[in-house]
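A.B. asks: sequence and predicted structure are below.
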Amino acid sequence: NAGVTQTPKFRILKIGQSMTLQCTQDMNHNYMYWYRQDPGMGLKLIYYSVGAGITDKGEVPNGYNVSRSTTEDFPLRLELAAPSQTSVYFCASLRRTNANTGELFFGEGSRLTVL
Amino acid sequence: AQSVAQPEDQVNVAEGNPLTVKCTYSVSGNPYLFWYVQYPNRGLQFLLKYITGDNLVKGSYGFEAEFNKSQTSFHLKKPSALVSDSALYFCAVRDSKAAGNKLTFGGGTRVLVKP
């Protein structure tokens, strides 16, 4: 099992550029999440999805967009990149039957730098 | 609203000594509490959880945590630390009343175990 796979692992963007961070899970999990991790700030939830076709905002959604056309994929779109979006991004998933356990499975992260 | 605090940015301990990482939380309903560990350049890995029942929960790699409702705390402990336990540790909480199974993470505590 590959688990949760994120691509790319590293990316440098110029201010104003756009890009998509890809996230795929092969565990047939219903719930998927995007977090960003900034030093000393823990993880902040950007967007989440409870199933295909359903997405919702987290704590820090501004400047981002998501879609969930399939159970497996949950891409995160950055439009008009800004230096404040320099961060490490983590995708995570959770199976509905474990809903109360909150046992998230994380990808290895995507480090994004906006210059 | 749900929140979690980790009051120590870093904990230093000698190998073989007991390790404690502190966590306090705030929720309006019942808390579901979790600890995750992050090794360098990796995603977060689940360590243990408290959902209900016994206040002392045991997890992976010899870690345990004690739930204290009156003090709203969920401290992580290990009786005898190893150098390989050096990592970043995150406490997380979910309010039993929260929709979407969204976890709120603390800012993280870096553990350094010295030989």
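C.D. replies: Arrived safely.
A.B. asks: closest point of chain B to chain A, which residue?
C.D. replies: Distances between chain B and chain A by CB to the nearest CB are smallest at residue B:43, namely 3.3 Å. Heads up, the C-betas are built off the backbone N, CA and C, glycines and all.
A.B. asks: that residue: how many residues sit nearby?
C.D. replies: As a burial measure, residue B:43 scores 22 neighbours (other CB atoms under 10 Å in any protein chain shown).
A.B. asks: who's the residue nearest the centre of chain A bridged to?
C.D. replies: Chain A has residue A:34 as the residue nearest its centroid, 2.7 Å off, counting by CA atoms, centre = their mean. Under the criterion DSSP bridges, residue A:34 forms beta bridges with residue A:47, residue A:91.
A.B. asks: where's it relative to residue B:54, distance?
C.D. replies: 34 Å (CB to CB, to the nearest Å).
A.B. asks: repeat for residue B:17
C.D. replies: 26 Å.
A.B. asks: the two: which is more packed in?
C.D. replies: Legend: neighbour count by other CB under 10 Å for residue B:17 and residue B:54, higher for residue B:17 (13 against 9).
A.B. asks: sec struct for the closest residue to that one other than its chain neighbours, please.
C.D. replies: Nearest residue to residue B:17, sequence neighbours excluded (CB to CB, 6 or more residues apart in numbering or on different chains): residue B:81, at 5.9 Å. The local conformation at residue B:81, judged by DSSP: H, G, I helix; E, B strand; the rest coil, is coil.
A.B. asks: isn't residue B:81 up against residue B:13?
C.D. replies: Yes - with contacts counted by CB atoms under 8 Å, residue B:81 reaches residue B:13, the gap being 5.0 Å.
A.B. asks: measure residue B:32 to residue A:70 for me?
C.D. replies: Separation of residue B:32 from residue A:70 (CB to CB): 28 Å.
A.B. asks: neighbour count winner among those two?
C.D. replies: Neighbour count, other CB under 10 Å: between residue B:32 and residue A:70, residue B:32 has more, with 23 against 10.
A.B. asks: bridging residues for that one?
C.D. replies: The partner list for residue B:32 in beta bridges (DSSP bridges) reads residue B:94.
A.B. asks: I'd say residue A:53 and residue A:67 touch.
C.D. replies: No - in this structure residue A:53 lies outside contact range of residue A:67 using CB under 8 Å: 9.1 Å.
A.B. asks: what about those two, which has more around it?
C.D. replies: Set residue A:53 next to residue A:67 and count neighbours by other CB under 10 Å: residue A:67 wins out with 16 against 11.
A.B. asks: against chain B, how distant is the residue nearest to the more buried one when sequence neighbours are not counted?
C.D. replies: Nearest residue to residue A:67, sequence neighbours excluded (CB to CB, 6+ apart): residue A:75, at 6.3 Å. Note on residue A:75: its distance to chain B, by CB to the nearest CB, to the nearest Å, is 17 Å.
A.B. asks: may I ask you to confirm that residue A:75 is in contact with residue A:21?
C.D. replies: Yes - with contact defined as CB under 8 Å, residue A:75 reaches residue A:21; the gap is 6.6 Å.
A.B. asks: neighbour-wise, which of these two wins?
C.D. replies: Neighbour count, other CB under 10 Å: between residue A:75 and residue A:21, residue A:21 has more, with 23 against 17.
A.B. asks: residues near residue 4, how many?
C.D. replies: You didn't say which chain, so I picked chain A. For residue A:4, the count of nearby residues is 22 (other CB under 10 Å).
A.B. asks: that was the other one, I meant chain B.
C.D. replies: Close neighbours of residue B:4, defined as other CB under 10 Å, add up to 25.
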